[in-house]
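[1] Based on what follows, work out the 3D shape:
(one chain, ligands or ions: 1)
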Amino acid sequence: MKRLDGKTALITGAARGIGLEIALVFAAEGASVAVADLSAEEASAAARDIAARTGARTLGLALNVAAEADCENAVAETEKAFGKLDILVNNAGITKDNLVLRMKEADFSAVMDVNLKGSFLMAKAAAKQMLKARAGRIINISSVVGQSGQAGQANYSASKAGLIGLTKSLAREFAPRQVLVNAVAPGFIRTRMTEGLKDEAKAKISEMIPLGRMGEPGEVARAALFLAGEDSAYITGQVLAVNGGLYM
Ligand code: NAP
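    I've put the predicted structure just below:
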């Protein structure tokens, strides 16, 4: 028996990076997985690849999480294809880094719209059926900088701190219907989001991390798997840090 046999999941921003790894791990554990991303082609290609590698049912969906109609459509398409939605992972996220005095209002708003408002819109769309079913999991991918703050990332760290507040509020609101809501707060993980960092910066970051290295997408995916499965049935409103000890 696999850990997510019979479950269905929708993962946002899942064509690459951490989201792709979560989709792959969930599929390998028996879930039917909707892979949603900005590009329909990339989402479909990732969905096909995951199906070929795991034998799971998959679906590729075009989705901009900042648009409410897209969010409602992605949830409806997932429910149409798989019959229900058990697990939502709000993973889509962007950065537009700059020092505060140089940060444009538009760059603050764009990051808030995707990282924070997008997660609200997706949770709202997914919760309708989960609350009726009196079961469900929502997992929000926050960040260590939402806990610690970070120079040059006022917009991003505010969005990720906001996501922790959203997680706790949703957890309280949905708990009476057994819909559990938790966050994962990754540290520095090797994806496209961090590959632009200079080698010198990467070396400095690794020195600051007690475990002495950056994390891998699979290490975040396995934390999400824990929060999606039965082993976490009595856990809600929590933030699971996957950061090598960077922030305790
Ligand atoms: P990534 O490699 O940049 O992947 C993010 C994915 O989200 C991309 O496929 C991107 O599509 C998609 N996306 C962007 N805007 C979207 C939107 N409006 N609607 C739907 N999808 C959208 O990033 P990652 O490193 O895997 O990060 C995944 C999550 O982990 C993010 O929330 C990030 O903030 C968080 N995180 C990452 C790290 C890290 O060190 N990497 C650390 C802490 C937290 P396009 O490719 O088309 O833009």
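[2] Kindly export stretch 226-233 (C-alpha atoms) in CSV.
    The C-alpha trace of stretch 226-233 is given here as CSV (Å, rounded to 0.1, in the frame of the first residue of the first chain):
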residue,chain,number,x,y,z
PHE,A,226,4.4,13.8,5.2
LEU,A,227,1.9,16.7,5.5
ALA,A,228,-0.3,15.1,2.7
GLY,A,229,-0.5,11.6,4.2
GLU,A,230,-2.0,9.8,7.2
ASP,A,231,1.2,10.2,9.3
SER,A,232,0.2,13.9,9.9
ALA,A,233,-3.5,13.4,10.7
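[3] Name the residues that touch it?
    The contact list for stretch 226-233 (CB atoms under 8 Å, 6 or more residues apart in numbering) reads 3-4, 7, 9, 26, 29, 31, 87, 89, 137, 139, 180, 182, 184, 235, 240. The way it works is simple: take the backbone N, C-alpha and C, and place the C-beta from them, glycine included.
[4] Would you map the helices across the chain?
    For the chain, the helices defined by DSSP state H cover 17-28, 40-54, 68-82, 105-111, 118-133, 144-148, 154-174, 192-195, 199-208, 217-228.
[5] In a markdown table: the ones you listed, plus mean pLDDT, distance to the ligand and mean neighbour count.
    Below are the helices of the chain laid out as a markdown table (pLDDT from 0 to 100; distance: least, CB to the nearest ligand atom, whole Å; neighbours: other CB atoms under 10 Å):
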| stretch | mean pLDDT | distance to the ligand | mean neighbour count |
| --- | --- | --- | --- |
| helix 17-28 | 98 | 2 | 26 |
| helix 40-54 | 98 | 7 | 18 |
| helix 68-82 | 98 | 8 | 18 |
| helix 105-111 | 98 | 9 | 15 |
| helix 118-133 | 98 | 6 | 21 |
| helix 144-148 | 98 | 6 | 21 |
| helix 154-174 | 99 | 7 | 20 |
| helix 192-195 | 89 | 3 | 13 |
| helix 199-208 | 92 | 10 | 12 |
| helix 217-228 | 98 | 6 | 22 |
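[6] can you put those in CSV and add distance to D97?
    Listed next are these as CSV, based on distance: least, CB to CB, whole Å:
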stretch, distance to D97
helix 17-28, 17
helix 40-54, 24
helix 68-82, 25
helix 105-111, 9
helix 118-133, 18
helix 144-148, 10
helix 154-174, 7
helix 192-195, 10
helix 199-208, 12
helix 217-228, 20
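[7] wait, which of the contacts of stretch 226-233 is closest to the ligand?
    In terms of CB to the nearest ligand atom, no member of the contacts of stretch 226-233 lies closer to the ligand than V184, at 8.3 Å.
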